[in-house]
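Asks: How does the following fold in three dimensions:
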Amino acid sequence: MAKILIVEDDAQLARYEQLELTHEGYEVEKCPDGRQAIDVISAGNNIDLIILDIMLPGLNGLEVLRRIRRDGINIPVIMLTARDAVMDKVSGLDMGANDYLTKPFAIEELLARIRALLRAPRAEEKASDNMISYNGIVMDTSKHTVTVEGTPLELTLKEFGLLEALLENVSIVLSREQLLEKVWGYDYFGETNVVDVYIRYVRQKLEAVTDKKYIQTVRGVGYKIG
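Replies: Numbering: from 1, shown residues only. From the prediction side, this is the model:
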């Protein structure tokens, strides 16, 4: 049974959607504002689809969408917009919404859109082998891209490999020798301090876009993230 989160501040509309979706066999949870929605979504409550109104108190729907996509959360989202809000539709789709409906809408159309999205492969299922995400960092190893809290990070090949090795081993301390093997290869015969140099490069690039201190030095051992 799929679980659907309704993010809607109009209590009457939210109740109507809940009754119809429950009748169709879905499990339903409701949130009346954007901040509560962020908390529920981030808590990992096995949500399969989100119906997200744009006009919300606290955080609007576009900001909710931006934050969850920034954090690598790829749950399908249907945005609800006002009839004449063309730019909201465009912005929502650009930020990663999967579909949208304009108010007022027929419940049959909403149900059809839900069925179509739930039948489609989830984005994280299709690309999970290529995606690594941690605390605002999203890395796509197939496209060789990294974003930090939504901001693209330009990395060289070695810098990318170093960050990838650390992200694949969150909270695990990797020695300089381990990082050399993973990033430079077994046949590298240079100095191990090359790792320290590239760690500094990666730190500088991370700190240019965020205040978070991702890479930790474990004195006498090596480096870790988390």
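Asks: Just after whichever helix in the chain runs longest, pick out the following helix or strand.
Replies: If each helix of the chain is counted by residues according to DSSP state H, the longest one is helix 193-207. Next helix or strand after helix 193-207 toward the C-terminus (DSSP states H and E): strand 215-218.
Asks: And that next one, what does it pack against?
Replies: With contacts defined as 3 or more CB pairs under 8 Å, 6 or more residues apart in numbering; DSSP states H and E, strand 215-218 has these neighbours: helix 193-207, strand 222-225. Every C-beta, even on glycine, is put in place using the N, C-alpha and C of the backbone.
Asks: and residue 146, bridged to which residues?
Replies: Legend: beta-bridge partners of residue 146 under DSSP bridges are residue 139.
Asks: Hmm, it is touching residue 155, no?
Replies: Yes - with the criterion set as CB atoms under 8 Å, residue 146 and residue 155 qualify as a contacting pair; they are 6.0 Å apart.
Asks: gap between stretch 146-161 and the chain center?
Replies: Stretch 146-161 sits 16 Å away from the centroid of its parent chain (CA atoms, centre = their mean, to the nearest Å).
Asks: ok, then the element right after the lowest-mean-pLDDT helix or strand in the chain?
Replies: Every helix and strand in the chain was compared by mean pLDDT, DSSP states H and E; the lowest is helix 123-127, with a mean of 45. Following the chain from helix 123-127 toward its C-terminal end, the next helix or strand by DSSP H and E is strand 131-134.
Asks: Overlap in contacts, residue 146 and residue 155.
Replies: Here residue 146 and residue 155 have residue 163 as joint contacts, going by CB atoms under 8 Å, 6 or more residues apart in numbering.
Asks: more neighbours, the two?
Replies: Relative neighbour count places residue 146 above the other of residue 146 and residue 155, with 24 against 21, counting by other CB atoms under 10 Å.
Asks: got a list of what that one touches?
Replies: 137-140, 152-153, 155, 160, 163.
Asks: rerun at 10 Å
Replies: 132, 137-140, 152-155, 159-160, 163-164, 167, 202, 205-206 (CB atoms under 10 Å, 6 or more residues apart in numbering).
Asks: what stretches of this structure score poorly on pLDDT?
Replies: Regions of the chain meeting the criterion pLDDT under 70 cover residues 83-86, 120-129, 186-192.
Asks: Would you map the strands across the chain?
Replies: Secondary structure of the chain, counting by DSSP state E: strands at 3-7, 27-31, 49-53, 77-81, 99-102, 131-134, 137-140, 145-148, 151-152, 174-175, 215-218, 222-225.
Asks: out of those, which comes closest to residue 15?
Replies: strand 27-31 (8.1 Å; CB to CB).
Asks: ok, the nearest residue to residue 151 once chain neighbours are set aside - how many residues close by?
Replies: Across the structure, with CB to CB, 6 or more residues apart in numbering as the measure, the residue nearest residue 151 apart from its sequence neighbours is residue 209 (4.5 Å). Neighbour count of residue 209, defined by other CB under 10 Å: 15.
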